[in-house]
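K.L.:
predicted model and sequence below, questions to follow.
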Amino acid sequence: MTELPDPVEGTPLIAPSSTDHPLHEQAVEACRSVFDPEIPVNIYDLGLIYTIEISDENDVHITMTLTAPGCPVAGEMPGWVQEAIAGVGGVRNVTVDLVWQPPWGMEMMSDEARLELGFM
């Protein structure tokens, strides 16, 4: 588990993803294949994936959180994400950091997730 440093004024709490990398969409879809066993929505649409950073060498670094620190699958879910991303063709290495700052909130869910869970 990695603690993020206190933000410097003007620095975003969540680092931007490598959305312009050719493997980004495939990495997103891989994240969408992972579900919290207690919630019928994938972890990407739940807003648990904060950053998908992909290097020029196709190394992928995921920064993610969980809905709560006491989540029963806290020890397992980062491994599930790592396995899912490692299955994307062309990915060289995958690292996953589990962070608690900023804390997850329901506003991080996609509209699809809110609809699925009856919040819309």
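P.N.:
Arrived safely, thanks for sending.
K.L.:
grab the most central residue of the chain for me.
P.N.:
Centroid check for the chain by Cα atoms, centre = their mean gives residue 49 as the closest residue, at 1.6 Å.
K.L.:
flag the shaky bits of the protein, pLDDT-wise.
P.N.:
Along the chain, the parts satisfying pLDDT under 70 run over 1-12.
K.L.:
switch the cut-off to 90
P.N.:
Within the chain, the stretches with pLDDT under 90 are 1-19, 36-40, 67-75, 116-120.
K.L.:
all strands for it, in order.
P.N.:
For the chain, the strands defined by DSSP state E cover 49-54, 60-64, 94-98.
K.L.:
which one of these lies closest to residue 70?
P.N.:
The closest of those to residue 70 is strand 94-98. By Cβ to Cβ, the value is 13.2 Å. C-beta: built from backbone N, CA, C; applies to glycine.
K.L.:
can you get me a residue count around residue 19?
P.N.:
Using other Cβ atoms under 10 Å, residue 19 has 10 neighbouring residues.
K.L.:
how about residue 111?
P.N.:
Other residues close to residue 111 by other Cβ under 10 Å number 10.
K.L.:
list the contacts of it.
P.N.:
residue 120 (Cβ atoms under 8 Å, 6 or more residues apart in numbering).
K.L.:
what's the answer for residue 34, then?
P.N.:
Counting by Cβ under 8 Å, 6+ apart, residue 34 touches 42, 43, 44, 77, 80, 81, 84.
K.L.:
any idea how far the residue nearest to the centre of the chain lies from residue 86?
P.N.:
Look at residue 49 and residue 86: by Cβ to Cβ, to the nearest Å, they are 15 Å apart.
K.L.:
isn't the residue nearest to the centre of the chain up against residue 61?
P.N.:
No - between residue 49 and residue 61 there is no contact under Cβ atoms under 8 Å: 11.5 Å.
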